[in-house]
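Novice: Next come a sequence and a model predicted from it.
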Amino acid sequence: MPTYDFAVGQTNPQTFPTAALQAAAVSAIQTESEALNRYPGGKGHAGLRQLMARRESEREGVPVDPEKIALMNGSMQAVTLAGQALMTQSGDIVITEKYTYSGTIAAYKGIGLDMHGIPVDEEGMRVDLLEEHLAALPKKPKFIYTLTSYQNPTGVTMSRARRLALIELARAHDLPVVEDNCYGDVHFDGPVEPSLYALDPDPRHIYIGSLSKIFAPGMRMGYLLAESPFFQQIVGRRFDAGSNYFAAAVLAEFYKDDLWGHCQRANVVLKQKRDRLLAALDAALSGVCVWSKPTGGLFLWLRLPVDIDLQTLKTAAAERGFYYADGQDFNVEGRPVHYLRLAFGHVPDEQIDLGIPILAECIARCRKSNASPDFETLFDDQADRIRR
Ligand SMILES: Cc1ncc(COP(=O)(O)O)c(C=O)c1O
C-alpha cells in the first residue's frame, strides 16, 4: 500500500547537496585534522560561528557578534539549556504559545517547568491577552518562549506590531524572551519579519537558530545567540564538551563561499510544495475544513469539524496509509483539539496530489453529520471553549 507521510517535519531530500557536502567533508578533514584531535569546548567552531553571525546579520539587517554565538547540537539543545538556566525550581512558570513544538513541551515539562499557553491567531501569540494572563498567574513566570516565524505547528508568523508589543511587555515585566527562530531561513513569500533582537537590542532577548530546517536535521547543528549574563548561564550548563566539531567544520567549508545559494534553491522547491498542498486542500476540503497559509516553514495547521471523532479519523487515515500529527501533541494543556498538522517539506509531489483526497475521504466518512462546519476561521475563542 502506498503511504502518505505528512506526520514528521523533515527537510526535502531532493535538494540535499550531496556532492558539494562530500567535497566540503574531504576538505574539512584535510584542513582541520589537528583541531579534530581536540575537544571543541563551549562555543564551538569559530569559522561556522562567524558564518552564522554573518547570515543572521544579513537576514536581520543588524550587526551580530560571533562571540555571542554558541553552536549547539541542534536547536533543541539550546531550547533545553535555556529552560534549565532560566528556571530555579520545579514548578516555575514559562509562557508559550498555546500550540507549540511538541519537543519543547516534552523538554520543558520534563525539567519541571509549568507551561502556560497563550492563544494564537494568524498574527502569532495573542500578545494583547498576555497582560491579563500574567496578572492571573499565581507567580511571576521565569521567561517567555515564542516561535515568532512560521510557527510549529500552526505555520503562522507573528506580526511586527505583536513583536513590538511583546518586547514592551517583556521589558515592563522584566522577563527574558527565548525566541526560537529555527525555521527563520525557510521563507517563501511576503515580508521577512525581523527577529526580536533586531527590533530591540535588549539583553533579555535570547535567540535560537538551526540548520536542521533549511539544511538537514541529521547534521545536528543549531546555535544560541545571547547577551551576558544569559549567554554564560546557558552555555555554562552544557557538559558535553562542545557541539560536533566535524559537522561544524564541514558546514563551515560548505557555506564559506556561498552563504545563501543552497537556502534559495531549497526554498524554491519547498514553496512549490506548499502551493501544491494548498491547491490540493482547496480542491478537496473547501467548506469542510480551514487551514493556515504559511509564508515559510514546513507545516500547515488544519481545523477539523467538531463532529469528527479524532481517534476514528486517525485510524481511518492510517488504514489508507495517510499519516499526520495530532493537534493534541502540540497543545501545552495536553487535551485533544480539533486540529491536525500537515508537514509538507519532504513529501513527494505525487503523494501530495494523491494523499489529500484520501484525507478528505476519511474526514467525510468520519463525520457524524453533513452540516456545514460551525466555524469559518482557523482560530477563534470557540476552538478553545468547545473543548473545556
Ligand atoms: C520549534 C522547534 N524548535 C526546535 C526544534 C529542534 O530542532 P533541531 O534540534 O533539529 O534544530 C524543532 C524541531 O522540529 C522545532 O520545530
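Specialist: Cool, the structure landed.
Novice: For G321, give me its contacts.
Specialist: Taking C-beta atoms under 8 Å, 6 or more residues apart in numbering as the definition of contact, the neighbours of G321 are M1, P2, T3, Y4, I358. Every residue, glycine included, has its C-beta placed from N, CA and C.
Novice: For ChimeraX, write the select line for the buried members of the residues you listed.
Specialist: Per 16 or more other C-beta atoms under 10 Å, the buried members of the contacts of G321 correspond to this ChimeraX selection:
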select :4,358
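Novice: could you dump the contacts of G321 to a markdown table with distance to the ligand?
Specialist: Converted to a markdown table, the contacts of G321 look like this (distance: C-beta to the nearest ligand atom, whole Å):
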| residue | distance to the ligand |
| --- | --- |
| M1 | 27 |
| P2 | 25 |
| T3 | 21 |
| Y4 | 20 |
| I358 | 25 |
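Novice: from the contacts of G321, which ones fall inside strands?
Specialist: Mapping those onto strands (DSSP state E) picks out Y4.
Novice: Residues of the stretch 1-150 of the chain that sit close to the ligand?
Specialist: Taking C-beta under 6 Å from any ligand atom as the criterion, the stretch 1-150 of the chain approaches the ligand at residues G9, G74, S75, M76, V79, Y101, G103, L147.
Novice: my read: the first one touches G345, true?
Specialist: Put plainly, it is G9. Yes. The pair formed by G9 and G345 meets the contact definition of C-beta atoms under 8 Å, at 6.8 Å.
Novice: list residues touching both of those two?
Specialist: Listed contacts common to G9 and G345 are L298; contacts here mean C-beta under 8 Å, 6+ apart.
Novice: pLDDT value on whichever residue of the chain sits closest to the ligand, please?
Specialist: Of all residues in the chain, G74 sits closest to the ligand, with a separation of 2.5 Å (C-beta to the nearest ligand atom). For G74, the pLDDT comes out at 97.
Novice: Repeat that for D374.
Specialist: At D374, the model reports a pLDDT of 77.
Novice: And for R385?
Specialist: R385 carries a pLDDT value of 49.
Novice: what does G218 give?
Specialist: pLDDT recorded at G218 is 97.
Novice: Helices - which of the residues of the stretch 1-150 of the chain next to the ligand land there?
Specialist: Secondary-structure check on those using DSSP state H: residues within helices are S75, M76, V79, G103.
Novice: Drop anything exposed from those.
Specialist: Burial by neighbour count, judged by 16+ other C-beta under 10 Å, picks out S75, M76, V79 from these.
Novice: Help me confirm that the last one comes into contact with A107.
Specialist: When you say that, I think you mean V79. Yes. Using C-beta under 8 Å, V79 is in contact with A107, at 6.2 Å.
Novice: for the helix or strand in which S57 is found, packing partners?
Specialist: Using DSSP states H and E, S57 sits in helix 46-60. Contact analysis of helix 46-60 by 3 or more C-beta pairs under 8 Å, 6 or more residues apart in numbering; DSSP states H and E lists strand 69-72, strand 222-225, helix 245-255 as its packing neighbours.
Novice: for the stretch 251-388 of the chain, which spans come out with low pLDDT?
Specialist: In the predicted model, the stretch 251-388 of the chain carries pLDDT under 70 at residues 382-388.
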